[in-house]
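>>> Sequence first, predicted coordinates after that:
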Amino acid sequence: MFFRGPRGNTRPLLPSREIVAFPNQPVALVVGRPRSIAAVQAAARMVPPEIVLVAQRESDVANPTLAELYDVGTCAVIDQVLQLPDGNLKVVVEGRDRVRILRHVSTDPYFDVEYEVLAPVVQDLAEAAVLARTVRTTFERFARLQRAIPPDTLAALNAIEDPGKLADAIIAPLGFKLAERQELLETVDPQERLERVYRALLTEIEFLNVEKKLKGRVRRERESTPREPWSDAQQRTEPPADVHRSELDELAARIAALPLPEAIRLRASSEMRKLGQMNAVSAEATVVRNWLDHLLALPWGDPPPTDPIDLDVAQRILDEDHHGLERVKDRILEHLAVGRLVQRVRGPVVCLVGPPGVGKTSLARSIARAMGRPFVRVALGGVRDEADIRGHRSTSVGSMPGKILHALRRADRTDPVVLLDEIDKMSSDLRGDPAAALLEVLDPEQNHAFADHYLDVDYDLSRILFICTANDLQGIPVPLQDRLEVLELGAYTDMEKLAIARRYLLPRQLEMTGLNHEQLSVSNQALLRLVTHHTREAGVRDLDRQIATLCRKTARRVVTQGQGPTVHIVSTNVDRVLGPPRYGDRPTEAPSVGVVMGLAVTPWGGDVLPIEAVVVPGKGEVHLTGRLGDWLKESAWTALTFIRSRAAALSLSESFHERFDIHVHYPGNPLRTDGPSAGLAMAVAMASALTGLPVRADIAMTGEIGLRGQILPIGGLREKLLAAHRRGLSVVFIPDANAADLERVPKRVLSAMDIRRVSSLDAMLEGCFAQPLPASWRRSAAQEVPCASEP
């Protein structure tokens with residue numbers, strides 16, 4: 001029995017394939033046919049957004065007609081419409097009412113139909129309630145056997161009181177066919193529909209019970225039947241016995257041929273015997289076979305004999321590959337000379353420290369070529385797992401040896417040159433500290449018995465020549481630094497870059513682009529303009545890129561215009577080819593109050609950083625901005641305390657620090673800056689801001705200061721002076737204690753600037769300002785100015 005609901009309702013119709021929607025049940029559809037998309041879009045604009053879902057009689061019909069659709073469907077509310085990348089629509093609807101199609105209003109651009117609601121009427125409420133309770137209990141039995149019904153579904157069904165809604169909710173998990181689902185949809189009487197669902201549940205339970213009995217019987221028969229050990233592995237077949245035996249014979253031959261230490265030979269033979277007793281396709285056999293493969297792939301025994309190293313040849317190779325770097329080359333030749341006198345050289349590992357692009361990696365490759373050894377590079381940047389160095393335990397999933405043994409396997413010799421690149425960029429986490437693992441690798445007293453976690457045997461690393469590279473020593477732990485002999489590769493001067501470009505970079509780029517000197521000619525003045533106006537770096541990487549750009553543009557001209565006259569690049573047309581210079585000549589600046597040029601060392605070499613100081617009315621606070629570290633902040637307070645102790649000599653009020661705020665700023669600072677060497681520049685900037693005396697624009701300074709005005713030594717003097725020279729500064733103040741470091745500075749740089757060595761801030765202030773200091777300062781400078789804490 002059913003009650004005919006309201007008539008005359010019209011809504012868009014959406015044909016569905018293999019889907020029968022029921023009232024009160026959510027349905028997700030993917031709509032792709034143009035007529036269906038138009039129906040969804042039209043229904044979504046209505047209030048309420050309702051659409052009629054009707055199943056197709058034949059699901060393989062792409063564009064069904066009205067006669068190919070059922071007459072009974074479901075009126076549903078559209079909850080969500082999503083536009084998919086392929087142009088289709090994903091529609092989420094929830095059924096509301098059973099409806100019967102009365103007539104078709106229109107068919108273009110979508111089906112628009114008039115329908116009536118089929119409202120159910122329960123005849124016997126008591127009988128329907130009993131039947132609903134029986135169906136719930138039976139469904140729980142079905143869920144326990146089927147084990148795919150989530151607990152939330154059971155809880156939701158127990159909360160449904162209406163018999164019709166209960167029947168509609170249980171239909172989906174039972175797997176009715178399309179025609180059966182349509183019949184249940186057309187069955188309007190709730191009690192009749194619930195009875196059909198109950199009969200289907202009983203059938204499914206009977207089927208599941210039979211299936212369970214069959215599985216149990218088969219399992220018991222398999223357990224009682226003797227089986228071969230490998231019969232459990234489905235879809236695996238044991239390889240023929242002769243194949244397995246040949247693999248064992250091959251492993252035995254490899255073990256016998258290698259000059260293994262006796263303890264390792266016994267271990268390898270023991271593992272091979274285990275492998276022979278295992279099933280060839282088992283997981284344990286795979287682990288043992290991989291272990292043997294890694295062990296036997298390593299080089300063992302003494303390296304092959306080679307001719308004694310000719311130091312003259314080594315010197316020639318180093319000079320061919322690198323310009324300058326005399327201190328580093330001398331250290332390498334010393335190592336080679338000792339190697340001719342003794343078989344094994346034991347000593348600290350060389351660590352090449354310098355900014356990017358100065359030739360650290362290529363220098364290590366040249367060392368290997370000079371020694372006649374294979375070269376292997378191990379990249380350590382970003383390594384944070386100790387197992388990357390020591391290897392993983394062989395019992396772990398996906399275990400393998402560490403990077404050191406992998407490098408030896410690639411070199412296939414026990415005495416290669418191994419470059420440990422970027423050791424300052426390692427980090428640590430819960431998986432261990434790789435820097436601590438390197439202590440054993442690089443310690444000559446320990447690395448003769450290095451134990452990788454994967455192989456768990458001692459391996460001799462003492463024949464390897466390890467070379468490390470880093471950009472900054474601060475990223476290397478102190479215990480690891482103790483194992484290293486640091487050789488600093490400083491920034492190149494402009495003339496050194498010119499020589500490198502002429503001897504190395506330009507010929508290499510000509511070869512890489514298929515050009516020759518008859519097609520492209522670059523003058524020394526053009527190369528020097530590239531160095532000074534188109535690049536600003538410690539190394540030569542950017543310079544190499546600029547030369548490559550010149551070669552590519554010339555190659556394009558040769559290809560498009562044919563072989564023409566030689567392209568001459570000179571200083572007057574290099575800007576026209578590469579574009580405006582990025583680093584033009586700086587205009588001469590006028591002396592400024594509170595502005596001082598400081599010198600710093602960055603990962604890219606030396607740099608000139610302006611320091612600004614401004615005095616404003618306030619309460620005696622000091623503000624520091626510009627990404628400054630704690631060391632710089634302490635230097636600022638030290639400078640202020642010194643100025644307060646000299647307040648009378650600078651004609652400052654004794655209470656100036658209570659009435660004014662001082663703001664110190666590092667403009668345009670690209671990195672977080674820290675270190676004590678800017679203390680001198682900050683003190684001069686504060687003194688200029690407080691006295692109103694302008695600082696000369698052609699000077700720079702570096703040095704750490706003490707509370708009594710003493711100027712203490714700093715590091716990186718060579719890079720700082722090179723940066724000042726590139727900037728065109730004429731006077732540089734440096735600590736007197738750094739006088740010995742001037743020997744490493746090129747003479748061309750020293751002759752171009754006035755290097756003033758100072759030991760006290762009292763004595764140097766007179767030469768910093770564009771105007772004379774107060775007479776009181778000159779009188780105090782003539783005699784020792786007492787510290788504020790002295791009596």
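Good, I have the coordinates. Since we're looking at a predicted model, the values are computed, not measured. Residues are numbered from 1 along each chain as shown.
>>> got the buried residues for stretch 482-489?
The neighbour-count check on stretch 482-489 (16 or more other Cβ atoms under 10 Å) flags 483, 484, 487, 488, 489 as buried. Any C-beta I mention is one placed from the backbone N, CA and C, and that applies to glycine too.
>>> before we move on, what about stretch 167-175?
Result for stretch 167-175 [16+ other Cβ under 10 Å]: buried residues 167, 168, 169, 170, 171, 173, 174.
>>> nearest to residue 26, of these?
residue 169 (11.0 Å; Cβ to Cβ).
>>> Does the closest one touch residue 161 like I think?
No. With contact defined as Cβ atoms under 8 Å, residue 169 does not count as touching residue 161 (11.8 Å).
>>> Let me know the next secondary structure element after the helix or strand hosting residue 662.
Element membership for residue 662 (DSSP states H and E) is strand 660-665. Sequence order places helix 679-691 as the next helix or strand after strand 660-665, per DSSP H and E.
>>> angle of that next one against strand 660-665?
Relative orientation of helix 679-691 versus strand 660-665 (axes from the mean of the first three to the mean of the last three Cα atoms, to 10 degrees): 140 degrees.
>>> hey, C-alpha coordinates of helix 679-691 in PDB?
Extracted C-alpha coordinates of helix 679-691, given in PDB (Å, rounded to 0.1, in the frame of the first residue of the first chain):
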ATOM      1  CA  GLY A 679      83.300  46.200  17.500                       C
ATOM      2  CA  LEU A 680      85.800  48.800  16.200                       C
ATOM      3  CA  ALA A 681      83.500  50.000  13.500                       C
ATOM      4  CA  MET A 682      80.500  50.200  15.800                       C
ATOM      5  CA  ALA A 683      82.500  52.300  18.300                       C
ATOM      6  CA  VAL A 684      83.500  54.800  15.600                       C
ATOM      7  CA  ALA A 685      79.900  55.000  14.300                       C
ATOM      8  CA  MET A 686      78.500  55.600  17.800                       C
ATOM      9  CA  ALA A 687      81.200  58.200  18.500                       C
ATOM     10  CA  SER A 688      80.400  60.000  15.200                       C
ATOM     11  CA  ALA A 689      76.700  60.000  15.900                       C
ATOM     12  CA  LEU A 690      77.100  61.400  19.400                       C
ATOM     13  CA  THR A 691      79.700  64.100  18.500                       C
END
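>>> next SSE after that helix?
Assigned by DSSP H and E, the successor of helix 679-691 is strand 694-695.
>>> now that following strand: how far from the chain's centre is it?
46 Å (Cα atoms, centre = their mean, to the nearest Å).
>>> What count of nearby residues applies to residue 77?
Residue 77 has 14 neighbours, counted by other Cβ atoms under 10 Å.
>>> Got phi/psi on it?
In terms of degrees, to the nearest 10, the main-chain angles of residue 77 are phi -100, psi 130.
>>> same deal with residue 704?
Dihedral angles (degrees, to the nearest 10) for residue 704: phi -90, psi 140.
>>> And the pLDDT at it?
With respect to pLDDT, residue 704 scores 91.
>>> Run through the stretch 351-500 of the chain and note the low-pLDDT ranges.
396-397 (pLDDT under 70).
>>> which residues of the stretch 451-600 of the chain fall in helices?
Secondary structure of the stretch 451-600 of the chain (DSSP state H, counting those that start in this stretch): helices at 478-481, 494-500, 506-512, 524-529, 541-561, 574-578.
>>> that older thread, looking at the buried residues of stretch 482-489, which one is closest to residue 690?
Of the buried residues of stretch 482-489, the one sitting nearest to residue 690 (Cβ to Cβ) turns out to be residue 488, at 38.0 Å.
>>> Which members of the buried residues of stretch 167-175 occur in helices, if any?
Among those, the members falling in helices (DSSP state H) are 167, 168, 169, 170, 171, 173, 174.
>>> quick one: which helix or strand includes the residue lying closest to the fourth one once chain neighbours are set aside?
In this structure, residue 170 finds its nearest non-sequential neighbour in residue 197, 5.3 Å apart by Cβ to Cβ, 6 or more residues apart in numbering. Secondary-structure assignment from DSSP H and E places residue 197 in helix 190-224.
>>> try residue 635
Residue-wise, residue 635 maps onto helix 630-645 under DSSP H and E.
>>> what comes into contact with that helix?
Contacts with helix 630-645, where a contact means Cβ atoms under 8 Å, 6 or more residues apart in numbering, come from 622, 624, 650, 652, 657, 662, 664, 673-676, 678-679, 682-683, 686-687, 690, 704-709, 761, 785, 787-788.
>>> Please pick the buried ones from those residues.
So, by 16+ other Cβ under 10 Å, the buried ones in these are 622, 624, 650, 652, 657, 662, 664, 673-676, 678-679, 682-683, 686-687, 690, 704-705, 708-709, 761, 785.
>>> Do I have it right that residue 534 meets residue 582?
Yes. The criterion here is Cβ under 8 Å, and residue 534 meets it with residue 582 at 6.0 Å.
>>> which one of those two has more residues nearby?
Taking neighbours as other Cβ under 10 Å, residue 534 and residue 582 compare with residue 534 leading, 21 against 12.
>>> Surely residue 80 touches residue 92?
Yes. Between residue 80 and residue 92 a contact is recorded at 4.2 Å, counting by Cβ under 8 Å.
>>> and those two? which has more neighbours close in?
Taking other Cβ under 10 Å, residue 80 and residue 92 do not tie; residue 92 has more neighbours (15 against 10).
>>> what about the stretch 51-200 of the chain, any weak spots by pLDDT?
In the stretch 51-200 of the chain, no residues with pLDDT under 70.
>>> and if you look at the stretch 601-750 of the chain?
603-605, 669-673.
>>> that older thread, turn the helices of the stretch 451-600 of the chain into TSV, columns for mean neighbour count.
Shown next, in TSV, are the helices of the stretch 451-600 of the chain (neighbours: other Cβ atoms under 10 Å):
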stretch	mean neighbour count
helix 478-481	13
helix 494-500	19
helix 506-512	16
helix 524-529	18
helix 541-561	16
helix 574-578	16
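>>> Columns distance to residue 378 on top of the ones you listed, output as CSV?
Shown next, in CSV, are these (distance: least, Cβ to Cβ, whole Å):
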stretch, distance to residue 378
helix 478-481, 15
helix 494-500, 27
helix 506-512, 25
helix 524-529, 35
helix 541-561, 21
helix 574-578, 37
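>>> Nearest to residue 451, out of those?
Between the helices of the stretch 451-600 of the chain, helix 478-481 lies closest to residue 451; by Cβ to Cβ that is 18.9 Å.
>>> And for the closest one, what's in contact with it?
423, 435, 436, 438, 439, 442, 473.
>>> which one of the buried residues of stretch 482-489 is nearest residue 768?
residue 488 (29.7 Å).
>>> tell me the contacts of that closest one?
Here residue 488 is in contact with 353, 354 (Cβ under 8 Å, 6+ apart).
>>> go again using 6 Å as the cut-off
Residue 488 sits next to residue 353 when contact means Cβ atoms under 6 Å, 6 or more residues apart in numbering.
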